[in-house]
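**Q** give me the fold of what follows.
(one chain, ligands or ions: 2)
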Amino acid sequence: MAEFQEVLKQSALHPKPAGLCLQYGTAGFRTNAKQLDHIMFRMGMLATLRSKKTQATIGVMVTASHNPEEDNGVKLVDPMGEMLTPAWEDYATQLANAEQDDLARAVKEVIQKEAIDMSREANVFVGKDTRSSSPALSQAVIDGVSALGGHTPLHGLVSEHKGECAMYLLLNASNRTDDQKHLCVDGANGIGALKVREMEHHLQKGLQISLFNDGSKGKLNHQCGADFVKVQQKPPADIEINPGERCCSFDGDADRIVYYYTDSDGRFHLLDGDKIATLISTFLKELLTQAGLDLNIAVVQTAYANGSSTLYLENTMKVIVKCTKTGVKHLHHEAQKFDIGVYFEANGHGTVLFSQAAVEKIQQLAEDANSDDTKKRAALLLQSTVNVINQTVGDAISDMLLIEAILAVRGMTVQQWDAMYTDLPNRQLKVKVSDRRVIDTTDAERRAVSPAGLQDAIDSLVKKYRQARSFVRPSGTEDVVRVYAEAETQESADALAHEVSLAVY
Ligand code: 16G
Ligand code: ZN
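**A** Residues are numbered from 1 along each chain as shown. Ligands and ions are numbered 1, 2, ... in the order given. Next up is the predicted model:
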């Protein structure tokens, strides 16, 4: 066969040191980087065979994780992010250890045993970490893939330390239909837009982005961006979106994100920070159950969280819910008290924190050879989440990647996500006062302690409406007092907000 001529020719460029014998273990192959060139080439070939066999995209990750810099390693990742099956681990060991003149035979044996149709297409994602040996070693993988006629659509993307996880998540995402892969991103003419431009073509397999407000003409945050969308309850001014299309907006410095779509009646649906926290915490809780991991998980919100989200999280999802003062630092601090702390402000600032103990337990389970497939898959997805999310500070792009991965893994549309609970209608107003500092609050800004009588007035106004809640707080960023009200209907919420703002004067 012609292709085996190619295999022999190419493999001679990645010769195996005679006598070297390595075993494919839980972490794949891992040893001093100097001994791995031939292994990489051969794993590229094996991934290609696996892709032809499964007719799905296979991942190859070049990394030795937390090992010393001189080491490196490689492991293969199946379509749903799982590890290889034992039979294929054996093939990996056999290919790795075949002496140079026996390699073509070893490859043919796998093809025969698995009855692989070599005319099929093969796609392999190649990821690498930031070790100095990784570029050359991942090139050897790519050479192995091409030697058997496979494609490597994604090797650029995952060249950061986050690569492994991004890859798992995208492997999942790559099963989506083209429609589901499509996402409109409003970059608010800011930094996030530039980053998305850099990465979008690498993401194509799992996510097809149409980027708007990319900074080429519009002004930063002008008629666009997360704040505009959240406050105006409408899409950015210059975007044409089709009914049902999934969209998100960053803010200018890309630390806030909100999702939205319009339905067939032209009605606008916003999925804000509360919906995002709900999606993420539900996903993580489900994985913890599947993994059998006893870790506590909490969602941290502020007074602005929609009452429906709080009820849904506490009563239906049975997760711990905490409320803090407005401002990322307050939420972050509270979230650190839990094994897993998911925090989001309704306006779209937020992220997920994992305690060191949680990270260790997840990693142990992911590497435990004895755990069953369900547990292992759950552990790998948890591990991917740990790595893809930005724990230092919420960033819109990490949040977006995680959200997209969750929707893909759960096979969920934006409409289904939206339907997890229905937001209570709400209204925010700002009131100019001569001195906003006369208002002092307690209970995470939910109750006013001064001026005297204000809270009593609010309480009696709230009683007039069903499912109502209202609070006032001095803004930390503007010389105004902010008023928030929610109630069963929009009319009630509007009326309540108006009445409370009169009480503030
Ligand atoms: C700041 C906060 C934000 C908060 C907003 C409230 C950070 C990084 N940013 O922008 O979290 O939502 O203030 O503004 O903490 P306000 O006090 O004017 O309502
Ligand atoms: Zn911001």
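**Q** when you work out contacts or count neighbours from here on, use the C-alpha atoms and nothing else.
**A** Will do.
**Q** what residues does the chain have near ligand 1?
**A** Proximity of the chain to ligand 1 is confined to 326-329, 475-478 under the rule C-alpha under 6 Å from any ligand atom.
**Q** hmm, try it at 5 Å
**A** Residues of the chain that fall close to ligand 1, judged by C-alpha under 5 Å from any ligand atom: 327-328, 475-477.
**Q** pLDDT on stretch 208-219, on average?
**A** In this model, stretch 208-219 has an average pLDDT of 89.
**Q** could we number from 25 for the rest of this?
**A** Right, with 25 as the first residue, what we last looked at is stretch 232-243.
**Q** mind listing residues that contact it?
**A** 205-214, 217-218, 220-221, 224, 248, 263 (C-alpha atoms under 8 Å, 6 or more residues apart in numbering).
**Q** just the C-alpha atoms of it, please, in PDB.
**A** What follows is stretch 232-243, C-alpha atoms only, in PDB (Å, rounded to 0.1, in the frame of the first residue of the first chain):
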ATOM      1  CA  GLN A 232     -18.500  29.500  15.000                       C
ATOM      2  CA  ILE A 233     -18.400  33.000  16.100                       C
ATOM      3  CA  SER A 234     -19.800  36.000  14.300                       C
ATOM      4  CA  LEU A 235     -18.000  38.900  15.900                       C
ATOM      5  CA  PHE A 236     -19.700  42.400  16.000                       C
ATOM      6  CA  ASN A 237     -18.300  45.600  17.500                       C
ATOM      7  CA  ASP A 238     -14.800  44.400  17.000                       C
ATOM      8  CA  GLY A 239     -13.200  47.800  17.500                       C
ATOM      9  CA  SER A 240     -12.700  48.500  13.800                       C
ATOM     10  CA  LYS A 241     -15.100  51.400  13.600                       C
ATOM     11  CA  GLY A 242     -17.400  51.800  16.600                       C
ATOM     12  CA  LYS A 243     -16.700  53.400  19.900                       C
END
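**Q** which of the contacts of stretch 232-243 fall within helices?
**A** 205, 217-218, 220-221, 224 (DSSP state H).
**Q** related to what we said a few turns ago, select only the buried ones of the residues of the chain next to ligand 1 in PyMOL?
**A** Burial among the residues of the chain next to ligand 1 is assessed by 16 or more other C-alpha atoms under 10 Å; the matching PyMOL selection reads:
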select buried, resi 352+499
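**Q** farthest-apart pair in the residues of the chain next to ligand 1, please.
**A** Farthest-apart pair in these is 352 and 499; separation 14.3 Å (C-alpha to C-alpha).
**Q** residue nearest the centroid of the chain?
**A** residue 426 (1.0 Å; C-alpha atoms, centre = their mean).
**Q** buried stuff in the helix or strand where that residue lies?
**A** If you go by DSSP states H and E, residue 426 is part of helix 420-434. Residues of helix 420-434 classed as buried: 420-433 (neighbour count, 16+ other C-alpha under 10 Å).
**Q** same list (these) but as a markdown table, adding distance to residue 175.
**A** What follows is those, written out as a markdown table (distance: C-alpha to C-alpha, whole Å):
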| residue | distance to residue 175 |
| --- | --- |
| 420 | 31 |
| 421 | 27 |
| 422 | 27 |
| 423 | 29 |
| 424 | 27 |
| 425 | 24 |
| 426 | 26 |
| 427 | 27 |
| 428 | 24 |
| 429 | 23 |
| 430 | 26 |
| 431 | 26 |
| 432 | 23 |
| 433 | 24 |
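**Q** dump those residues to a markdown table, plus distance to residue 147 and pLDDT.
**A** Putting the buried residues of helix 420-434 into a markdown table (distance: C-alpha to C-alpha, whole Å; pLDDT from 0 to 100) gives the following:
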| residue | distance to residue 147 | pLDDT |
| --- | --- | --- |
| 420 | 29 | 92 |
| 421 | 25 | 90 |
| 422 | 25 | 89 |
| 423 | 27 | 93 |
| 424 | 25 | 93 |
| 425 | 21 | 90 |
| 426 | 23 | 92 |
| 427 | 24 | 94 |
| 428 | 21 | 91 |
| 429 | 19 | 89 |
| 430 | 22 | 92 |
| 431 | 23 | 92 |
| 432 | 19 | 88 |
| 433 | 20 | 88 |
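**Q** tell me the one among the residues you listed nearest to ligand 2.
**A** residue 420 (9.1 Å; C-alpha to the ion).
**Q** check contacts around the closest one.
**A** Counting by C-alpha under 8 Å, 6+ apart, residue 420 has contacts 216, 274, 278-281.
**Q** any idea which element residue 526 lies in?
**A** According to DSSP H and E, residue 526 maps onto helix 514-528.
**Q** how far off centre is that helix?
**A** Its chain's C-alpha centre and that of helix 514-528 lie 37 Å apart, by C-alpha atoms, centre = their mean, to the nearest Å.
**Q** who's in contact with it?
**A** 449-455, 478, 481-482, 485-486, 489, 492, 494, 507-511.
**Q** how near is the closest residue to ligand 2 within the stretch 425-529 of the chain to residue 351?
**A** In the stretch 425-529 of the chain, the residue that lies nearest ligand 2 is residue 501 (12.8 Å; C-alpha to the ion). Residue 501 sits at a distance of 10 Å from residue 351 (criterion: C-alpha to C-alpha, to the nearest Å).
**Q** quick check: residue 253 touching residue 263?
**A** No. The criterion here is C-alpha atoms under 8 Å, and residue 253 misses it with residue 263 at 11.6 Å.
**Q** up against ligand 2, what does the stretch 275-424 of the chain have?
**A** For the stretch 275-424 of the chain, the residues in contact with ligand 2 (C-alpha under 5 Å from the ion) are 277, 279.
**Q** low-scoring stretches of the stretch 275-424 of the chain, by residue?
**A** Nowhere does the stretch 275-424 of the chain drop to pLDDT under 70.
**Q** looking at the residue of the stretch 425-529 of the chain closest to ligand 2 now. What's its pLDDT?
**A** At residue 501, pLDDT is 82.
**Q** A strand includes it, no?
**A** No. Using DSSP: H, G, I helix; E, B strand; the rest coil, the assignment for residue 501 is coil, not a strand.
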